[in-house]
Each structure stands twice: as C-alpha cells, then as structure tokens.
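> need a structure here:
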Amino acid sequence: MSKKKPFALRLDESMMKALEKWAADEFRSTNGQLEWIIREALKKSGRLPKAGPERDEETI
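You can find the predicted model right below:
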C-alpha cells in the first residue's frame, strides 16, 4: 500500500460545501473525493505513473 502524505488545503466556504455535496452524492468522504478528482486529472493529463503489478490505480 502506498504511503499517504498529509497536507493542508484551504478552500473558500462555498467551494467546500460544493465538494462535500459532490462527495456525498458519490458515497465518498470529502478526502476520498479530492483524491479521486486529483487522480482523474492526473490520468487525463498523462501525468499519473502507470500501474504495475505491485501497484494498482486505487493505491496511487
């Protein structure tokens, strides 16, 4: 399993509320939703490392 690095993120209140609603609609935590959004953007831009036998997409 990959090691996760914590960091602070500042969002304005309206953006945070929208993110929380989106996460709830998708049955994810707010943190999980942020990880999903970032992972999808990295994949779309071709910047996400290819998954190997010891790593799958969900642990990146």
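> pull the longest helix from this protein.
Across the chain, the helix with the greatest residue count (assigned by DSSP state H) is helix 30-44.
> and it, what does it pack onto?
helix 13-25 (3 or more CB pairs under 8 Å, 6 or more residues apart in numbering; DSSP states H and E). Glycine gets a C-beta too; all of them are placed from N, C-alpha and C.
> And for the helix it packs on, what's in contact with it?
Outside of helix 13-25, the residues within contact range by CB atoms under 8 Å, 6 or more residues apart in numbering are 11, 29-30, 32-34.
> G46 versus the most centrally placed residue in the chain, what's the distance?
For the chain, E35 is the residue whose C-alpha lies nearest the centre (CA atoms, centre = their mean; 0.9 Å). E35 sits at a distance of 19 Å from G46 (criterion: CB to CB, to the nearest Å).
> what's the answer for I38, then?
Noted for I38: a distance of 14 Å to G46, by CB to CB.
> In terms of neighbours, single out the busier of those two.
I38 (11 against 6; other CB atoms under 10 Å).
> about what we covered before: could I get the contacting residues of the residue nearest to the centre of the chain?
Residues counted as contacts of E35 (CB under 8 Å, 6+ apart): none.
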